[in-house]
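*Asks:* Return atomic coordinates for the entry below.
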Amino acid sequence: MRRRQVIATLATLGLAVGLLTAAPVLAASTPGPAVLQSSSPLATPANLISPSAPAEAIEFNVGLQPSNSAGAAALAQAVTDPSSPSYRHFLTPSEWESRFSPSQASVRAVTSWLRSQGIAVNEITPDRLTVQATGSVAAVQRAFATGLGQYRQLGRTVRLASGPLKIPAELASLISGVSGVDQHLAKPAALTGATLPRAAKTKKGPSKEIPLPPGFRNAPPCSPSYAKKLDTTDPAYGAGYPSPLPYAVCGYTPPQLQGAYGLSSQIASGLDGKGVTVAIVDAYVSPTLLGDAQEYAAKHQPGQPLASGQFSELLSKSFTNIELCEASEWYGEQTLDVEAVHATAPGANILYAGAKNCVNGLYNSVQQIVDGHLAQIITDSWGDGGGDLLDSPGSRRSFDNVLMMADATGIGVQFSSGDEGDEFSTLGMTVADYPSSSPYQTAVGGTSLQVGKGDARVGELGWSTSKSTLCSALLEVEEFPGCSASTLNTWLAPAPGEYLYGGGGGTSYSYSEPSYQVDVVPAALTERNSAITGIPNRVEPDISMDADPTTGMLVGETQVFPNGTYYDEYRIGGTSLSSPLFAGEMALADQAAGGPLGFVNPLLYKLGASPASAAAAFYDVLPGGKQALTRVDYLDGVDAKEGTLTSVRTLGYEGRELFCSGSGNCTHQKVALSTARGFDSMTGLGSPAPGLAAALAKP
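*Replies:* The predicted model follows:
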């Protein structure tokens with residue numbers, strides 16, 4: 001979009017036009033209080049519900065500036081650049097801290113000020129980059145010279161500052177930002193793709209007990225492998241799509257995923273991730289997490305069990321924001337992450353980190369792993385939708401400092417790119433998520449994987465889905481929109497349907513083009529926002545793997561069904577699948593390299609710059625024409641007692657998407673992400689080829 005169009009779109013959301021300008025520069029010489037960070041663009045009078053309760057306690061982080069930010073960034077680049085003499089000469093955490101951590105004097109100055117404002121200092125992280133604090137709403141308002149209120153934000157009620165956060169001018173050069181005062185809620189990027197809600201709802205109320213999630217199953221018919229079972233019953237979809245259509249897959253198992261990505265022979269030869277630790281960061285912890293993963297592996301990977309000694313947990317002392325974060329919804333995310341990592345790296349050790357909440361807790365858990373150097377790879381299947389714009393520059397800056405430390409100490413951090421495509425259908429503008437837009441981590445996008453006979457990859461498309469629903473007599477009774485006697489046995493909407501979801505991606509508004517993307521990412525993508533930013537910008541995702549819920553992975557999880565609580569299996573997708581699958585791939589590469597590769601983006605793009613090396617390392621995901629699958633769902637989510645719903649889900653959709661604001665005004669655009677030869681905006685460099693691990697491990 002051009003600048004005028006972006007501003008108009010922001011206005012439909014109540015977003016501040018000031019968001020499009022650079023963040024205020026901290027300057028200690030500014031007389032009086034210094035502006036640390038601007039208020040959220042969503043904190044408008046139209047979105048305000050009520051002032052925040054003065055006595056309410058707030059847990060928040062104050063990020064401190066590294067003693068040498070430019071030096072830390074330069075070191076992170078040097079040790080991860082394959083052409084640098086310092087490549088893979090990583091520092092230990094203590095070495096990094098001695099060179100770049102904020103000084104003890106800076107910590108004392110900031111903590112003394114916080115305490116003088118009636119704010120408790122809970123913890124100072126070992127790297128001294130973060131002060132974790134707690135204060136009442138009244139104390140926080142006084143300290144940062146702002147107001148706090150409860151605002152409507154994309155269907156939720158969250159706390160936001162009504163004005164900019166200000167700090168004493170003498171502290172301005174010490175503080176990078178504040179996070180947690182505004183409640184930006186990270187959400188898991190896992191999707192069952194169910195059309196209707198699950199049969200039961202998460203228990204609400206004051207109790208801090210987190211219930212197991214309500215049961216969910218996928219309905220038959222489904223296909224054991226791609227296109228093996230065809231829909232010969234339902235009417236033709238039309239508009240040039242094949243007839244009959246294949247049914248959705250029942251859910252790929254580890255042998256199918258290993259075969260499709262060329263890992264079977266590598267794993268059989270002993271290249272299975274042994275000796276490498278993959279950390280998984282999610283919120284909360286399922287009490288059946290390990291048991292479910294072991295039962296699943298015993299059933300689907302009988303020769304590759306998940307031994308208890310391979311699994312460990314790093315859990316928060318307490319869990320908070322249980323209702324706000326919809327805590328039990330994170331249990332399926334955890335299950336998927338553990339079982340997916342084990343699917344592609346059955347010999348790797350898994351460290352599960354259960355964060356205390358979905359606000360600051362997730363970021364704190366990543367930082368704890370980095371500080372302790374507890375893993376070589378960290379996979380994060382969560383993010384903040386549109387966070388490249390909606391998160392404050394200060395909070396992004398603070399977490400980027402943690403990511404720079406990870407890069408310099410040999411830890412590869414990766415994030416799911418999101419499940420809402422370019423975010424236009426949810427936010428009304430094309431914007432990337434965060435942390436996946438950060439240039440200091442690997443953003444993993446999504447594909448629709450086609451696994452055929454003999455576990456072979458017979459195709460792979462960019463994950464972007466539109467949907468049509470078959471009008472039936474049952475749906476007419478249920479008053480499904482548009483379903484009536486005159487539309488029975490037709491598809492609503494007609495082919496190609498309406499945009500539903502897809503792998504996240506896009507061009508950043510906040511980060512310049514990193515050096516590793518130069519000459520690999522097309523200028524049309526890096527300069528997409530240059531009319532606003534004035535420079536080429538970072539583009540994500542970097543690489544992609546299977547994420548489409550219609551071609552997703554079968555997982556096993558203990559759930560609450562109407563007839564009891566027990567282990568069962570269902571198909572799931574989202575970039576929550578692609579990120580842990582790729583983490584497993586990276587575990588194999590680390591093992592092959594004889595040590596950690598760390599942050600691999602510079603190496604990935606070096607491989608992508610050469611046609612020969614790119615062909616060996618990446619499967620180039622290209623447009624696949626008109627393809628779609630038929631999917632059947634239980635109306636109640638668990639069985640056929642209340643009937644079923646039939647829909648068509650398209651693959652690689654690049655048509656129209658619609659956004660409707662809260663006031664009912666609607667607009668549309670062509671989906672902004674697409675696949676193409678070489679690097680593209682939907683899948684990045686593509687998906688892993690069988691030779692990726694070997695290519696990454698070459699000296």
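*Asks:* So which helix or strand of this protein has the lowest pLDDT on average?
*Replies:* Lowest by mean pLDDT, DSSP states H and E among the helices and strands of the chain is helix 3-12, with a mean of 38.
*Asks:* Where do the domain boundaries of the protein fall?
*Replies:* 3-66+101-183, 254-697 (automatic domain parsing).
*Asks:* Would you single out the least confident of those?
*Replies:* Lowest mean pLDDT within those: domain 3-66+101-183, at a mean of 83.
*Asks:* I'd like the distance from it to the chain centre, please.
*Replies:* How far domain 3-66+101-183 lies from its chain's middle: 24 Å, per Cα atoms, centre = their mean, to the nearest Å.
*Asks:* same check, this time on stretch 660-677
*Replies:* On the basis of Cα atoms, centre = their mean, stretch 660-677 sits 20 Å off its chain's mean C-alpha point.
*Asks:* Buried ones in it, by neighbour count?
*Replies:* Buried positions in stretch 660-677, judged by neighbour count with 16 or more other Cβ atoms under 10 Å: 669, 671, 672, 673, 674, 675, 676. Every C-beta, even on glycine, is put in place using the N, C-alpha and C of the backbone.
*Asks:* how about those in JSON lines, adding distance to residue 168?
*Replies:* As requested, the buried residues of stretch 660-677 are arranged in JSON lines below (distance: Cβ to Cβ, whole Å):
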{"residue": "669", "distance to residue 168": "45"}
{"residue": "671", "distance to residue 168": "47"}
{"residue": "672", "distance to residue 168": "43"}
{"residue": "673", "distance to residue 168": "44"}
{"residue": "674", "distance to residue 168": "49"}
{"residue": "675", "distance to residue 168": "51"}
{"residue": "676", "distance to residue 168": "51"}
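*Asks:* of those residues, closest to residue 477?
*Replies:* Among the buried residues of stretch 660-677, residue 671 lies closest to residue 477 (Cβ to Cβ), at 33.7 Å.
*Asks:* circling back: next, format the domains of the chain as CSV and append distance to residue 210.
*Replies:* Conversion of these to CSV gives the following (distance: least, Cβ to Cβ, whole Å):
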stretch, distance to residue 210
domain 3-66+101-183, 18
domain 254-697, 5
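*Asks:* Can you tell me which of those domains is most buried?
*Replies:* Of all the domains of the chain, domain 254-697 carries the top mean neighbour count, a mean of 22, counting by mean count of other Cβ atoms under 10 Å.
*Asks:* end to end, how far does it reach?
*Replies:* 23 Å (Cα to Cα, to the nearest Å).
*Asks:* now stretch 636-653
*Replies:* Stretch 636-653: ends 28 Å apart by Cα to Cα.
*Asks:* what does stretch 108-127 give?
*Replies:* Stretch 108-127: ends 14 Å apart by Cα to Cα.
*Asks:* which residues sit against that stretch?
*Replies:* 59, 62, 64, 93, 96-97, 101, 107, 130-136, 139-140, 142-143, 167-168, 170-171, 174-175, 364, 367-368, 370-372, 402, 405 (Cβ atoms under 8 Å, 6 or more residues apart in numbering).
*Asks:* go with 6 Å
*Replies:* Outside stretch 108-127, the residues that touch it by Cβ atoms under 6 Å, 6 or more residues apart in numbering are 97, 101, 107, 131-135, 139, 143, 174, 367, 371.
*Asks:* Pull up the gap between residue 415 and residue 185, please.
*Replies:* Distance, residue 415 to residue 185, using Cβ to Cβ, to the nearest Å: 16 Å.
*Asks:* Quick check: next helix or strand after the helix or strand harbouring residue 570?
*Replies:* Here residue 570 sits within strand 564-572, counting by DSSP states H and E. Next helix or strand after strand 564-572 toward the C-terminus (DSSP H and E): helix 575-593.
*Asks:* helices or strands up against that next one?
*Replies:* Helix 575-593 is packed against helix 329-344, strand 377-380, strand 412-416, strand 442-451, strand 543-546, helix 692-697, with contacts defined by 3 or more Cβ pairs under 6 Å, 6 or more residues apart in numbering; DSSP states H and E.
*Asks:* re the thing from before, do you know which of the domains of the chain lies nearest residue 81?
*Replies:* Using Cβ to Cβ as the measure, domain 254-697 is the one of the domains of the chain that comes nearest residue 81, at 4.8 Å.
*Asks:* coming back round to it: and the buried residues of stretch 660-677, which is closest to residue 354?
*Replies:* residue 673 (32.3 Å).
*Asks:* Was I right to think the closest one contacts residue 682?
*Replies:* Yes: here residue 673 reaches residue 682: they are 4.2 Å apart, a contact under Cβ atoms under 6 Å.
*Asks:* Now list whatever residues contact both of those two.
*Replies:* With Cβ under 6 Å, 6+ apart, residue 673 and residue 682 have common neighbours residue 505.
*Asks:* Now the closest residue to residue 290 other than its chain neighbours. Its backbone dihedrals?
*Replies:* In space, and not counting its chain neighbours, residue 290 is closest to residue 311: 5.3 Å by Cβ to Cβ, 6 or more residues apart in numbering. Main-chain dihedrals, residue 311, degrees, to the nearest 10: phi -120, psi 130.
*Asks:* what's the answer for residue 658, then?
*Replies:* Torsion angles, degrees, to the nearest 10, at residue 658: phi -120, psi 140.
*Asks:* re earlier: would JSON lines of the helices and strands packed on helix 575-593 with distance to residue 356 be doable?
*Replies:* What follows is the helices and strands packed on helix 575-593, written out as JSON lines (distance: least, Cβ to Cβ, whole Å):
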{"stretch": "helix 329-344", "distance to residue 356": "12"}
{"stretch": "strand 377-380", "distance to residue 356": "16"}
{"stretch": "strand 412-416", "distance to residue 356": "19"}
{"stretch": "strand 442-451", "distance to residue 356": "25"}
{"stretch": "strand 543-546", "distance to residue 356": "29"}
{"stretch": "helix 692-697", "distance to residue 356": "34"}
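*Asks:* what's the closest of these to residue 321?
*Replies:* Going by Cβ to Cβ, the one of the helices and strands packed on helix 575-593 nearest residue 321 is helix 329-344, 11.3 Å.
*Asks:* and the closest one, what does it pack onto?
*Replies:* strand 277-283, helix 289-300, strand 553-561, helix 575-593.
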